[in-house]
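*Asks:* Got a sequence here, can you build the structure:
(2 chains)
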2 protein chains.
Amino acid sequence: MTEPPDGESRGPRTIYDVARLAGVSIGTVSKALNANGRVSAQTREKIERVARQIDYRPNSLAQSLHRSRSMTVGILSTDSFGRFTMPIVGALERSLFDQGIAAFMCSATDDPARERQHIDQLLRKRIDGLVVTARRADLREPIAFTGRGVPVIYAFCHVGDPQALCLLPDDEGGAALAVEHLIGLGRKRIAHISGPERFEAVRLRAKGRGRALAASGLVISDPLFGRWSEEWGREAAMALFSERRAIPDALFCGNDQIARGALDALRERGLRTPEDVAVVGFDNWDVMTDAARPRLTSVDMNLDALGAEAGAALQAMMAGETLSGVRRLPCSLVVRGSCGAKTQAMAGSL
Amino acid sequence: MTEPPDGESRGPRTIYDVARLAGVSIGTVSKALNANGRVSAQTREKIERVARQIDYRPNSLAQSLHRSRSMTVGILSTDSFGRFTMPIVGALERSLFDQGIAAFMCSATDDPARERQHIDQLLRKRIDGLVVTARRADLREPIAFTGRGVPVIYAFCHVGDPQALCLLPDDEGGAALAVEHLIGLGRKRIAHISGPERFEAVRLRAKGRGRALAASGLVISDPLFGRWSEEWGREAAMALFSERRAIPDALFCGNDQIARGALDALRERGLRTPEDVAVVGFDNWDVMTDAARPRLTSVDMNLDALGAEAGAALQAMMAGETLSGVRRLPCSLVVRGSCGAKTQAMAGSL
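*Replies:* Numbering: from 1, shown residues only, chains lettered A, B, ... in the order given. Just a heads-up that it's a prediction; the model follows:
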């Protein structure tokens, strides 16, 4: 589940407390307590019981104060809408649409002046909430907000403000999942080729791999940091397998493009995957996983779930709840031929 | 430029007449006549002269009738927002934002009931216009519209209704551009590997290749239709180069994934690209073109320009103009190492 945010035990109970105690997502809590959407009777009863036990109630005063809502929200991307933001935005849009809320989409492409203009325009349209999403290198600046009472959520990006709610994939946990899987298959020398170290995701994935190796007492070789490209995957794999030292029996790669490049380099050196070297990627991007030979085992960030979570959290905030902190949502591992496992699919830590 | 739509000579002059006669895009006409945006004094004078000559004037009566506008439009994708729709939507959103118009984004994923709900919601929000976009297999049904006076544009999709305005890339022209380029480099046996024949784009690209070959008196071998995947590109190239007949000296592929797969198959058969076989793809998708060895020459559909055109056309329609017909916007060719040309970039038919 998600980690408890700062300050969860202070102040009134939130939708996150109910979700944690009932063992469900906040989207499910929202559906159960609002009596809309498909939730089994059993789940609904359990959620209602937990809500009673901890004295949680949706803030109906705030809800009625908010009846003059515009039923619109803004989605602002500081990157153009790309491969990572689209699944999030799609799931977010679906979750809002089910509640009769429409989403304005704005792309500000890292230009602070344009971002400010977009926010001005959205506030003039009287949006009820705002989701900010971005390609993540590292912390972004919080939105300098002039619209009091309009809740903001950061999805797939991260700000320093402890009052802000930031939803992120659990990169460290996802990496540990991949490396534990390789260890379980008997691999001992698991090298790591990844993207630019300035990305927080790169540092967290390296940390997760290190944690999993340390827990099994295996050697932690230095990660190779480089670029997010197939070309870098080929270069790095060529370098690793040209060394005179003990060569790896597995590669855990920071994304699927790197893994794809590494697979090509292994084939061209006459090494077999998975027999000689197992390979696991990150992103579970079908364009890469399905074209790879053999098909690529990869970590899935469950961006659909992240988008749905953002939608449910925004609705809770629009109804008056105060949510904050950094929430890391679980990744899962999708097993295909490149890691040498027999099974076809393996659930993540969900 | 764009081809004249049906009925262009009947009725009042449109923004497309001005654009055609001035040799500019309709976005440029819109900027020049509304005195906003960056247009050179020279271009502005030329456009104003053309507009006077043909007695074109923005429909100011309609403009004032529309002053009670909501300054919002809807963008409805019947496919989830993916690789092709995102650049279009991004450019469209930028072009509308410059006019103070915000865009609602809705994805209906080929579910007619959900599409109808989305349209109901958008009409209740009093949108001033609607853009429908989709991944194109073939004709889609026109929107069954209950909002009188709300103009609709189809971008990157195609409906049978002759009253509708449909903006599409010129697939046939783009394919001809690629094949003419290969012919100019001295290639004589230009095979074609493409996607599923049920896609109109596949049929048009095959037609453009046939037209270019016929114009040069070259043999037109049967196209190989299959799937949109690297795997199919590898299979088809293996088959072509295993035949005992005259083998191709060039491959024109229906998309970049097919081309990437074909390149891998050629390398694995010991054939050199571009020396033995030149290869050209379609889509100019950097993920594929940059990972290919050598880097892939490819046809660019200029989807940004298509999105900007959709924005300008929608604004003209919101101001009272009636626009209709199928408009095919020019593609261009981006030259890299895989075709054997010396130059680094070549303009399209723009």
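
*Asks:* can you list the residues of chain A near chain B?
*Replies:* With C-beta under 8 Å from any C-beta of the partner chain as the criterion, chain A meets chain B at residues A:72, A:75, A:80-83, A:86, A:89-90, A:93-94, A:97, A:100, A:102-107, A:117-118, A:121-122, A:125, A:229-231, A:257, A:260-261, A:264, A:287, A:290-291. For glycine as for every other residue, the C-beta is placed from the backbone atoms N, C-alpha and C.

*Asks:* Make a PyMOL selection of the buried ones in those.
*Replies:* The PyMOL selection below is limited to those of the residues of chain A next to chain B classed as buried (16 or more other C-beta atoms under 10 Å in any protein chain shown):
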select buried, chain A and resi 72+75+80+81+86+89+90+93+94+97+102+103+104+105+106+107+117+118+121+122+229+230+231+257+260+261+264+287+291
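
*Asks:* can you tell me which of the residues of chain A next to chain B are in helices?
*Replies:* Using DSSP state H, the subset of the residues of chain A next to chain B located in helices is A:86, A:89-90, A:93-94, A:97, A:117-118, A:121-122, A:230-231, A:257, A:260-261, A:264, A:287.

*Asks:* for stretch A:202-219, which positions count as buried?
*Replies:* A:202-206, A:208-213, A:218.

*Asks:* and it, C-alpha only, in PDB?
*Replies:* This file holds the C-alpha atoms of stretch A:202-219, laid out as PDB (Å, rounded to 0.1, in the frame of the first residue of the first chain):
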ATOM      1  CA  VAL A 202      17.500   6.900 -11.600                       C
ATOM      2  CA  ARG A 203      18.900   7.300  -8.100                       C
ATOM      3  CA  LEU A 204      15.900   5.600  -6.500                       C
ATOM      4  CA  ARG A 205      16.100   2.600  -8.900                       C
ATOM      5  CA  ALA A 206      19.800   2.200  -8.200                       C
ATOM      6  CA  LYS A 207      19.000   2.300  -4.500                       C
ATOM      7  CA  GLY A 208      16.300  -0.400  -4.700                       C
ATOM      8  CA  ARG A 209      18.700  -2.700  -6.600                       C
ATOM      9  CA  GLY A 210      21.400  -2.100  -4.000                       C
ATOM     10  CA  ARG A 211      18.900  -2.800  -1.200                       C
ATOM     11  CA  ALA A 212      17.800  -6.100  -2.800                       C
ATOM     12  CA  LEU A 213      21.400  -7.200  -3.500                       C
ATOM     13  CA  ALA A 214      22.500  -6.300   0.000                       C
ATOM     14  CA  ALA A 215      19.600  -8.300   1.600                       C
ATOM     15  CA  SER A 216      20.900 -11.400  -0.200                       C
ATOM     16  CA  GLY A 217      24.500 -10.700   0.500                       C
ATOM     17  CA  LEU A 218      25.400 -10.300  -3.200                       C
ATOM     18  CA  VAL A 219      28.100  -8.100  -4.600                       C
END
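
*Asks:* Could you pull up the mean pLDDT of it?
*Replies:* Averaging pLDDT along stretch A:202-219 yields 97.

*Asks:* Next up, the contacts around A:Leu92.
*Replies:* Residues near A:Leu92 by C-beta atoms under 8 Å, 6 or more residues apart in numbering or on different chains: A:75, A:103, A:131, A:155, A:307-308, A:310-311, A:314.

*Asks:* likewise A:Val179?
*Replies:* Taking C-beta under 8 Å, 6+ apart, one finds A:190, A:208-209, A:212-213, A:252 in contact with A:Val179.

*Asks:* Max pairwise distance over those: which two?
*Replies:* A:Ile190 and A:Gly208 (11.9 Å; C-beta to C-beta).

*Asks:* Write the PyMOL selection for whichever of the contacts of A:Leu92 are buried.
*Replies:* Per 16+ other C-beta under 10 Å, the buried members of the contacts of A:Leu92 correspond to this PyMOL selection:
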select buried, chain A and resi 75+103+131+155+307+308+310+311+314
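
*Asks:* Can you flag which of the contacts of A:Leu92 belong to strands?
*Replies:* A:75, A:103, A:131, A:155 (DSSP state E).

*Asks:* Can you tell me which of the residues you listed is nearest A:Gly340?
*Replies:* Checking the ones in strands among the contacts of A:Leu92 against A:Gly340 with C-beta to C-beta, the nearest one is A:Ala155 at 34.9 Å.

*Asks:* Skipping adjacent residues, who's closest to the closest one in space?
*Replies:* A:Ala310 (4.3 Å; C-beta to C-beta, 6 or more residues apart in numbering or on different chains).

*Asks:* Pretty sure the one you found sits against A:Leu167.
*Replies:* Yes - contact criterion C-beta atoms under 8 Å: A:Ala310 and A:Leu167 qualify, at 5.6 Å.

*Asks:* Kindly provide the whole-number mean pLDDT of stretch A:91-107.
*Replies:* On average, stretch A:91-107 scores 89.

*Asks:* next one: it to chain centre, how far?
*Replies:* Between the centre of stretch A:91-107 and the centre of its chain there are 19 Å (C-alpha atoms, centre = their mean, to the nearest Å).

*Asks:* Excluding chain neighbours, what is closest to the residue in the stretch 51-200 of chain A that chain B sits nearest to?
*Replies:* Relative to chain B, the nearest point of the stretch 51-200 of chain A is A:Met105 (4.0 Å; C-beta to the nearest C-beta). Leaving aside its chain neighbours, A:Met105 sits nearest to B:Met105 (4.0 Å; criterion: C-beta to C-beta, 6+ apart).

*Asks:* check contacts around the one you found.
*Replies:* With contacts defined as C-beta under 8 Å, 6+ apart, B:Met105 is in contact with A:75, A:89, A:93, A:103-105, B:75, B:77, B:81, B:89.

*Asks:* and the two most separated of the residues you listed?
*Replies:* Taking C-beta to C-beta, no two of these sit farther apart than A:Phe104 and B:Ser77, at 15.2 Å.

*Asks:* between the contacts of B:Met105, which is nearest A:Thr322?
*Replies:* Among these, and counting by C-beta to C-beta, the member closest to A:Thr322 is A:Ile75, at 21.3 Å.

*Asks:* Let me see the contact set for that closest one.
*Replies:* A:89, A:92-93, A:103-106, A:130-131, A:133, B:105.

*Asks:* Kindly reformat the residues you listed as TSV containing distance to B:Thr322.
*Replies:* As requested, the contacts of A:Ile75 are exported to TSV (distance: C-beta to C-beta, whole Å):
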residue	distance to B:Thr322
A:Val89	33
A:Leu92	36
A:Glu93	31
A:Ala103	30
A:Phe104	28
A:Met105	28
A:Cys106	30
A:Leu130	37
A:Val131	37
A:Thr133	38
B:Met105	26
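
*Asks:* Can you name the residue of the stretch 251-350 of chain A nearest to chain B?
*Replies:* Counting by C-beta to the nearest C-beta, the stretch 251-350 of chain A gets nearest chain B through A:Ala291, at 3.9 Å.

*Asks:* Over to that residue: give its phi and psi.
*Replies:* phi -90, psi -20 (degrees, to the nearest 10).

*Asks:* Run through the stretch 201-350 of chain A and note the low-pLDDT ranges.
*Replies:* By pLDDT under 70, the weakly predicted segments of the stretch 201-350 of chain A are A:244, A:343-350.

*Asks:* First-to-last residue distance for stretch A:19-29?
*Replies:* One end of stretch A:19-29 sits 6 Å from the other (C-alpha to C-alpha, to the nearest Å).

*Asks:* Show the contacting residues for the residue of the stretch 251-350 of chain A closest to chain B.
*Replies:* A:260, B:229-231, B:257, B:260-261.
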